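Enquirer: Next one to model:
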Amino acid sequence: MKNIKGYVNFVLHAHLPYIHHPESEDYLEEEWLFEAISETYIPLLLMFTKLEEEHVDFRITMTLTPPLLNMLDNDLLQKRYIKYLEKHIELCKKEVKRTAYDERLNKLSKYYLDRYTNDLHVFKDIYECNIITGFKHFQDAGFLEIITCGATHGYFPILYVNEKTIRAQIGVAVKCYEKYFGKKPRGIWLPECGYVPEADKYLREFGIEYAIVESHGILYADPTPIYGTYAPIVSPQNLVVFGRDMESSRQVWSSINGYPGDYNYREFYRDIGYDVDYDYIKPYIAHNGVRVNTGIKYYRITGKDCNKDYYDLQWAKDSAERQAGHFMDCRTRQIDNLAGYMDVPPIITCPYDAELYGHWWYEGPYWLYILFKKIYYDDCNFKLITPSEYIDMYPNIQVSQPCRSSWGANGYSEVWLNPSNDYAHRHLHKAGDRMCELAYEFRNEKDPLKIRALNQAARELLLAQSSDWLFIITNGTMVEYAHKAIKERIGRFTKLYYQLKKGKIDEKFLEDIEKKDDIFPEINYQIYI
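Expert: Below you'll find the model as predicted:
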C-alpha cells in the first residue's frame with residue numbers, strides 16, 4: 001500500500017483558432033488542425049486507450065476549447081482531414097520506394113506509412129470521423145476531466161472594459177460544452193491564463209468552480225497564500241484557482257533545459273518538405289508552390305550546430321522512459337519536502353499546451369504513457385488527480401484575491417497588447433459596445449431574418465476577439481493571415497450592424513458569411529443583454 005502524501009495534476013490545453021474556408025482549399029492554415037489531430041489528439045487517445053486496456057488507473061485534465069470542438073465536428077473539415085491523410089499516405093508510399101537505398105531511412109519511411117495509415121483507420125473506423133466521442137468516453141469513464149475556455153479564446157484582461165463581452169465569452173463556451181458533453185464544465189482554462197477579478201462573478205454565474213492561472217497569479221495574491229502554488233486558493237467571489245508549478249513546468253516545457261531538447265528526439269525543423277527535390281515534393285506542399293512541413297521528418301536533434309543523424313525510434317523511446325522516471329522521482333522528492341509543512345496534501349499543477357505533446361515534442365504522448373504507468377505501479381508518494389477531485393476531497397481552501405496576470409512573455413498581457421497589435425483593440429472594443437447595443441435594441445425581435453443577422457453578428461464579434469490573432473502578430477508568424485482574420489470579422493460585423501440599424505438585411509451576404517463563419521449554430525445574441 002502506497003503512502004500517499006500529495007498529488008500531481010496534469011492539465012493539457014487543446015486549442016486552435018477557428019479556421020474554416022469552404023470557399024477554397026488553398027488555405028494552408030486549415031492544416032494546423034490536421035497536424036494537431038495526427039500528431040497530438042489521436043496519439044493521446046491511443047495512449048488513453050492503451051492505459052485503459054492495461055487497467056492502469058490514471059487521471060488527466062484537458063481543455064477542449066469551443067473553436068476546436070466546432071472544427072472537430074465540422075463535416076467539411078472532417079472530409080478535408082481524410083484527404084490530408086490520403087495525400088500523406090500516397091507520399092509515404094513514394095518515400096518507401098525512394099529510400100530503398102538506405103536501410104535506416106527506409107525503416108523510417110515505412111514507419112510513417114504505417115502511422116498515417118493507422119490514423120486513417122482510427123479516424124474513420126473507430127471514431128467515425130468524430131474524435132470528440134473518444135474524449136467523451138474517457139471523461140465518462142472517470143480518467144479524464146474535460147474543462148472549457150473562453151468561447152473563442154478572447155483575452156479577458158483586455159475585454160473586461162465591457163464586462164458583457166467577457167460574460168458572453170463564458171456563457172457561449174458553457175453552452176457549447178453542454179452540447180458536446182451533456183453537462184456543465186466545472187473548470188476553465190482562462191484564455192492565455194489571463195486572470196482579472198472582474199470575470200469571477202460571471203464564471204460563477206455559469207457554474208464554473210475553478211480556473212487555471214499562471215504561477216504569479218497565486219504567488220502575488222492578497223493575502224499571500226500560505227502554501228504558494230502547492231494548494232489552490234479561493235477568490236472572495238468563490239472561484240477556486242490552481243497555479244502552475246514552475247519546477248515541473250521547466251523540466252517539460254523548455255526545449256533547451258527540458259526533456260524535449262534530448263538529442264535522441266525527433267528534430268522538428270528538418271522535414272522532407274524542405275529537404276527533397278522540388279519537383280518530387282511539389283504535389284504535396286502548398287497550392288502556391290511554397291515548401292511547407294509534411295510531417296515526415298527523418299532526423300533526430302543530434303546536437304547543436306552539427307550534421308543531423310537519422311532518427312531512431314528505439315533510442316527516442318529509451319530517452320522518454322528515462323525521463324519519465326526522472327520526472328516521477330523529482331515529484332516524489334518535491335512532495336516529500338512539502339508534505340511536512342502543510343496541513344493538506346500538496347498538489348503539483350502541471351499545465352501545458354496539449355500540442356506540445358506530439359506536435360512539438362513528438363515523443364510527448366509516449367512519455368506520458370510511461371509516466372502514468374510508473375506512477376500507478378512504482379513506489380512513489382503521490383497519485384494523479386483532477387482539480388475537481390482535489391476540491392471535493394479538500395474543500396477547506398484559503399480565501400485570497402488572485403493577482404491580475406497572464407502567461408506569455410513577462411506575464412502581464414504584453415504579448416496581447418503591444419505596438420504591433422494595439423491597433424486591433426479599439427475596433428474590438430467598439431464592436432463589443434455595438435453588439436450590446438444591438439442586443440438591447442432588438443431584445444424582443446421576432447423577425448427570423450433579423451434574428452439570423454443578430455446571431456451572425458455575435459459570431460463575427462466572438463471570432464474577431466480570438467487572442468490567437470494578437471499572439472500570431474506579436475510572434476511574427478502568419479501575420480498576414482492574422483491581420484486578415486481580424487479585419488474580415490470586424491468588417492462583416494460592422495456591415496451587419498448598419499444593416500440592422502437601417503432595417504435592411506442583405507440576405508445573400510448573410511448566407512455567405514453564415515457558411516464561412518458557421519461556429520456556434522446554437523448561439524443566442526441575447527447573451528449580450
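Enquirer: Pull up the pairing partners for the strand of greatest length in the chain, direction included.
Expert: Across the chain, the longest stretch assigned as strand under DSSP state E is strand 6-14. Partners of strand 6-14 in the sheet, by DSSP bridges, are strand 60-64 (parallel), strand 347-353 (parallel), strand 382-384 (parallel).
Enquirer: Next, format those as CSV and append mean pLDDT.
Expert: What follows is the strands paired with strand 6-14, written out as CSV (pLDDT from 0 to 100):
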stretch, mean pLDDT
strand 60-64, 98
strand 347-353, 96
strand 382-384, 97
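Enquirer: Out of the ones you listed, which one sits most buried?
Expert: Among the strands paired with strand 6-14, judged by mean count of other Cβ atoms under 10 Å, the one packed with the most neighbours on average is strand 60-64 (a mean of 25). Quick note: C-beta positions are derived from backbone N, CA and C, even for glycine.
Enquirer: How about residues contacting that strand?
Expert: 9-15, 48, 132, 135, 143-149, 180, 187, 189, 354, 368, 372, 384, 386-387 (Cβ atoms under 8 Å, 6 or more residues apart in numbering).
Enquirer: can you do 6 Å?
Expert: With Cβ atoms under 6 Å, 6 or more residues apart in numbering as the test, strand 60-64 has contacts from 10-14, 144-147, 149, 189, 386.
Enquirer: By neighbour count, which of the residues you listed wins?
Expert: Highest neighbour count within the contacts of strand 60-64, by other Cβ atoms under 10 Å: Cys149, with 29 neighbours.
Enquirer: does that residue really touch Thr65, like I thought?
Expert: Yes - the criterion here is Cβ atoms under 6 Å, and Cys149 meets it with Thr65 at 4.2 Å.
Enquirer: And the strands in this structure?
Expert: Using DSSP E, the strands of the chain run over 6-14, 60-64, 144-147, 187-189, 210-213, 233-234, 240-243, 347-353, 382-384, 398-399.
Enquirer: can you list contacts of the last one?
Expert: Residues outside strand 398-399 that contact it (Cβ under 6 Å, 6+ apart) are 225-226, 233-234.
Enquirer: what's the closest of those residues to Ile347?
Expert: When these are compared for distance to Ile347 (Cβ to Cβ), Ile233 wins out at 11.8 Å.
Enquirer: Against Glu209, how distant is that closest one?
Expert: 13 Å (Cβ to Cβ, to the nearest Å).
Enquirer: The two: which is more packed in?
Expert: Taking other Cβ under 10 Å, Ile233 and Glu209 do not tie; Ile233 has more neighbours (26 against 19).
Enquirer: my guess is that one contacts Ser400, does it?
Expert: Yes - using Cβ under 6 Å, Ile233 is in contact with Ser400, at 4.3 Å.
Enquirer: Residues that sit against both of the two, list them.
Expert: 221, 225.
Enquirer: quick one: the helices in the stretch 51-200 of the chain?
Expert: Counting by DSSP state H, counting those that start in this stretch, the segments of the stretch 51-200 of the chain that form helices are 66-72, 75-98, 103-121, 132-140, 156-159, 163-181, 200-205.
Enquirer: now do the stretch 251-400 of the chain
Expert: Secondary structure of the stretch 251-400 of the chain by DSSP H, counting those that start in this stretch: the helices cover 272-275, 278-281, 313-339, 364-377, 387-393.
Enquirer: now those in TSV, with mean neighbour count and distance to Glu90?
Expert: TSV is the format used below for these (neighbours: other Cβ atoms under 10 Å; distance: least, Cβ to Cβ, whole Å):
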stretch	mean neighbour count	distance to Glu90
helix 272-275	18	14
helix 278-281	12	12
helix 313-339	17	23
helix 364-377	21	25
helix 387-393	17	44
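Enquirer: For Asn118, which of these is the nearest?
Expert: Of those, nearest to Asn118 by Cβ to Cβ is helix 364-377, at 13.7 Å.
Enquirer: and that closest one, how far out from the chain's middle?
Expert: Computed by Cα atoms, centre = their mean, to the nearest Å, the chain-centroid distance of helix 364-377 equals 21 Å.
Enquirer: now the angle from it to helix 313-339?
Expert: Interaxial angle of helix 364-377 relative to helix 313-339 (axes from the mean of the first three to the mean of the last three Cα atoms, to 10 degrees): 50 degrees.
Enquirer: Straight-line length of stretch 143-150, end to end?
Expert: 24 Å (Cα to Cα, to the nearest Å).
Enquirer: repeat for stretch 257-277
Expert: OK, stretch 257-277 end separation, Cα to Cα: 35 Å.
Enquirer: list the buried ones in it?
Expert: For stretch 257-277, burial by neighbour count (16 or more other Cβ atoms under 10 Å) applies to 258-260, 262, 264-268, 270-273, 276.
Enquirer: Likewise for stretch 22-38?
Expert: 28-38.
Enquirer: Would you map out the domains in the protein?
Expert: By the assignment in automatic domain parsing, the chain contains the domains 7-73+140-244+346-410, 417-528.
Enquirer: what's the neighbour count on the spatially closest residue to Thr117 that is not a sequence neighbour?
Expert: Nearest-residue entry for Thr117: Ile89, 5.8 Å, with adjacent residues in sequence omitted and distances by Cβ to Cβ, 6 or more residues apart in numbering. Ile89: 17 surrounding residues under other Cβ under 10 Å.
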